[in-house]
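S.K.: When you get a sec, could you give me coordinates for this:
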Amino acid sequence: MKVTLAAACGFCYGVRRAVELAGKAEKGTHTLGPIIHNPQVVGRLAAHGVSPVDSLDEVDKGAVVLIRSHGVGPDVYDQAVQKELKVIDATCPHVKKAQQDAKNIVEKGENLIIVGEKSHPEVISISQWGANRAIIIDREEEAEKIPFCDSMGVVVQTTFSQEQFKRIAAILQRKTNHLDVHMTICTATQQRQQAAIELAGHVDAMIVIGGKNSANTGRLAQVCREQDCPTYHIETAAELDTAWFRGMNHIGITAGASTPDWIIQEVVKIMENLQAEGTEVMSEELLDKYDYEENPKKGDVVKGTVISVNDDAAYVSIGTKAEAILPKKEMAVPAPEKASDFVKVGDELTVEIANNIKEEGAIVVSLVKMKKVEDWKEVREAFENDQLVECTGKETNKAGLVVSIKSLRGFIPLSQGDIKFVKSLDYLVGQTFQVKVIDIDEHKNRLVLSRKAVLEAEREAKREEALKHIEEGAVLEGTVVKIMPYGAFIDLGGVEGLLHISDISWKRISSVDAVLHTGEKLQVLVQKFDQERNRISLSLKALQKNPWIAAIEKFEVGDIVKGEVKKLLPFGAILAIDPELQGLLHISELTEKRGVAVKDLVNIGDVMNVKIIGIDTDKKKISLSVLAIQKDEEEQEVRNYLDNQDKEEENN
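M.R.: Coordinates of the predicted model:
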């Protein structure tokens with residue numbers, strides 16, 4: 001006989017989260033109602049001091065109360081505040097959404113319809129968030145009786161049958177002008193039901209495992225029966241009777257959202273062994289055979305072989321009567337997305353027993369605990385030998401950054417995260433980098449690290465190397481790392497120099513960031529290097545030709561050029577003779593008259609011919625003249641007259 005476990009079954013996210021929160025809760029914590037619809041899990045939690053109560057009236061002032069995944073109405077939160085209770089809210093996120101959807105529907109003035117079981121605690125909590133104004137139905141006949149209305153909003157119990165809801169929704173569509181459907185059936189519920197439907201269509205019978213009072217487990221049994229497949233709903237392996245499966249070749253197994261993995265695996269294992277031994281009825285003698293008395297104790301290290309793997313766990317044969325469970329969270333830190341991504345059937349592992357088998361029944365083993373011993377040893381050696389270790393940023397808080405070093409968790413204080421001051425280390429989340437161990441206490445699980453120490457050492461090494469190449473007059477490539485109003489700091493490969501605003505360009509610039517930007521690479525000249533004060537002065541314009549010099553090379557003394565009046569002075573005018581060149585036209589070179597003002601002779605914007613009568617390249621000054629042109633013209637007229645006289649005498 002072949003036994004197949006459904007692709008999706010067992011704890012959903014909301015239930016697993018609630019059970020884990022309950023498992024971590026302090027002794028004396030109360031759950032408001034049974035944490036899940038599974039008496040075995042509830043019993044185990046009660047043995048650890050986490051017990052259910054029916055209402056907050058049973059809880060002492062200041063106690064700890066855990067709200068289960070089904071959720072509660074707003075009045076319960078108010079009552080908890082009044083009694084000063086510490087609340088651990090394990091409400092399933094999908095239920096939270098359904099509650100808020102119900103509240104929004106009522107606030108919009110629509111008629112609220114809840115599709116689900118009237119007495120189910122989840123449905124009750126959703127109705128309470130809808131101000132108890134909801135019409136609650138779970139059958140098509142009830143939908144038919146709802147009177148017509150203009151607008152209707154629908155919320156669904158998260159574990160309700162998807163197929164049945166589709167039939168009810170089709171009826172509701174005829175009962176209103178506007179149907180606002182909030183599909184709040186949990187995706188895990190849909191997947192679990194679909195996997196059960198698919199499996200039921202290919203097997204001779206289905207076993208559905210889960211509490212008899214669990215709505216979602218009951219729905220799984222219902223959808224399996226709807227496939228005309230013989231279906232048996234059990235809570236534990238003790239209820240199995242092999243007479244049910246006589247003459248069958250293929251059995252399918254699924255489980256509700258409230259069924260823990262260890263119960264599922266117990267049923268799977270016992271079914272396989274029952275068929276191998278031909279036992280007809282599950283007897284006390286057979287149950288005793290699977291007792292765990294001879295199993296190893298918590299903390300023992302054993303070797304085993306992986307015999308099966310699913311998304312959540314691997315099952316390891318360790319030489320006992322029952323296989324051990326290796327959950328994915330016990331495989332590595334961080335846990336793999338799927339257990340099958342980390343191990344495969346046939347892998348040989350050395351693992352540590354992680355739980356008290358006498359109390360918890362199933363054997364849970366861990367690779368992480370084994371790995372931690374090796375990783376602590378490696379980290380301690382790095383600490384003692386002043387070596388670096390590699391870590392990965394995981395999450396931040398106000399104090400700094402939590403990191404992982406293989407299977408260990410470490411902490412980088414905010415002050416040790418970077419050389420420069422930073423308000424948060426969010427940018428290191430997901431990054432892998434090296435750190436120095438600055439404090440270690442294995443017994444307290446304390447591991448304090450510093451990235452700053454590594455960066456400082458790297459910076460000093462780069463600085464020493466960079467200083468070997470720095471000397472006055474050297475031309476180096478640098479990167480703009482910081483822009484200030486007075487200049488820019490340039491990284492020269494481990495040491496920084498200042499490029500003052502006056503040394504950036506020959507032209508006047510309005511601001512540094514108008515011509516430079518952070519991260520830009522450029523060639524700079526080392527103008528001055530004060531090694532004692534660790535100051536380096538750089539220049540960019542020193543590597544550029546002075547535009548004034550380049551422009552003046554096109555002109556010579558004696559050239560006649562056009563000039564535009566740009567500025568009037570008491571003693572003359574400034575004329576532009578080139579985009580880069582301006583010269584002075586002194587009043588003495590503009591007119592021979594005395595006592596005449598410059599503004600009476602020329603205006604700004606006038607264009608005139610002037611003669612270059614002087615060029616001082618050192619002082620970058622050009623002298624211009626109008627009178628010199630007039631003088632040249634007069635001299636030319638005299639020469640022309642004399643030349644004409646000579647020609648006339650020759651002709652006579």
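S.K.: Outline the domain layout of this structure.
M.R.: Each domain of the chain is listed here as a residue range: 93-185, 294-366, 371-386+400-456, 469-543, 550-633, per automatic domain parsing.
S.K.: Just confirm residue 3 is within a strand.
M.R.: Yes: inclusion of residue 3 in a strand is indicated when DSSP: H, G, I helix; E, B strand; the rest coil is applied.
S.K.: I'd assumed residue 253 was in contact with it.
M.R.: Yes: here residue 3 lies in contact with residue 253, judged by CB atoms under 8 Å, at a distance of 6.6 Å. Backbone N, C-alpha and C define where each C-beta goes, glycine included.
S.K.: Who has more neighbours out of those two?
M.R.: Between residue 3 and residue 253, residue 253 has the larger neighbour count (other CB atoms under 10 Å), namely 21 against 18.
S.K.: Spell out which helix or strand contains residue 266, please.
M.R.: Secondary structure assigned from DSSP states H and E places residue 266 in helix 261-277.
S.K.: Tell me which residues of that helix come out buried.
M.R.: Taking 16 or more other CB atoms under 10 Å as the basis for neighbour counts, the residues of helix 261-277 that come out buried are 261-271, 274-275.
S.K.: From the contact counts, what lies against that helix?
M.R.: Helix 261-277 sits against strand 2-5, strand 205-209, strand 250-255, strand 324-327, with contacts defined as 3 or more CB pairs under 8 Å, 6 or more residues apart in numbering; DSSP states H and E.
S.K.: quick one: average pLDDT of the last one?
M.R.: Think strand 324-327. Per-residue confidence for strand 324-327 averages out to 86 on the pLDDT scale.
S.K.: Show me where the stretch 101-250 of the chain has its strands.
M.R.: With DSSP state E, counting those that start in this stretch, the ranges of strands along the stretch 101-250 of the chain come out as 111-115, 135-137, 149-156, 176-182, 205-209, 231-234, 250-255.
S.K.: Next, format these as TSV and append mean pLDDT and distance to residue 507.
M.R.: Listed next are the strands of the stretch 101-250 of the chain as TSV, based on pLDDT from 0 to 100; distance: least, CB to CB, whole Å:
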stretch	mean pLDDT	distance to residue 507
strand 111-115	96	72
strand 135-137	96	79
strand 149-156	94	69
strand 176-182	93	66
strand 205-209	93	82
strand 231-234	92	87
strand 250-255	92	78
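S.K.: Could you list the low-confidence segments of this protein?
M.R.: By pLDDT under 70, the low-scoring segments of the chain are 274-296, 320-323, 356-362, 652.
S.K.: Geometrically speaking, which residue is the centre of this structure?
M.R.: Centroid check for the chain by CA atoms, centre = their mean gives residue 429 as the closest residue, at 7.2 Å.
S.K.: now the strands of the stretch 101-250 of the chain as a markdown table including distance to residue 365?
M.R.: What follows is the strands of the stretch 101-250 of the chain, written out as a markdown table (distance: least, CB to CB, whole Å):
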| stretch | distance to residue 365 |
| --- | --- |
| strand 111-115 | 43 |
| strand 135-137 | 46 |
| strand 149-156 | 40 |
| strand 176-182 | 43 |
| strand 205-209 | 23 |
| strand 231-234 | 27 |
| strand 250-255 | 22 |
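S.K.: which residues touch stretch 544-560?
M.R.: By CB atoms under 8 Å, 6 or more residues apart in numbering, the residues outside stretch 544-560 that reach it are 505-507, 561, 577-581, 609-615, 617, 620, 622, 629.
S.K.: can you do 6 Å?
M.R.: With contact meaning CB atoms under 6 Å, 6 or more residues apart in numbering, stretch 544-560 is reached by 506, 578, 580-581, 609, 611-612, 615, 620.
S.K.: List only those of these flagged as buried.
M.R.: 506, 578, 580-581, 611-612, 615.
S.K.: okay if I get those residues as TSV plus secondary structure and distance to residue 423?
M.R.: Putting these into TSV (DSSP: H, G, I helix; E, B strand; the rest coil; distance: CB to CB, whole Å) gives the following:
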residue	secondary structure	distance to residue 423
506	coil	40
578	strand	52
580	coil	47
581	strand	51
611	strand	66
612	strand	61
615	strand	58
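S.K.: what about the longest helix in this structure?
M.R.: Taking residue count as the measure and DSSP state H as the definition, the longest helix of the chain comes out as helix 627-651.
S.K.: Which neighbouring elements make contact with it?
M.R.: Other elements packing on helix 627-651 under the criterion 3 or more CB pairs under 6 Å, 6 or more residues apart in numbering; DSSP states H and E are strand 607-616.
S.K.: The strand it packs on pairs with which strands?
M.R.: Applying DSSP bridges to the sheet, strand 607-616 is found paired with strand 560-569 (antiparallel), strand 621-625 (antiparallel).
S.K.: Excluding covalently adjacent residues, which one is nearest to residue 171?
M.R.: With CB to CB, 6 or more residues apart in numbering as the measure, residue 143 is the residue that lies nearest to residue 171, at 4.1 Å, once sequence neighbours are left out.
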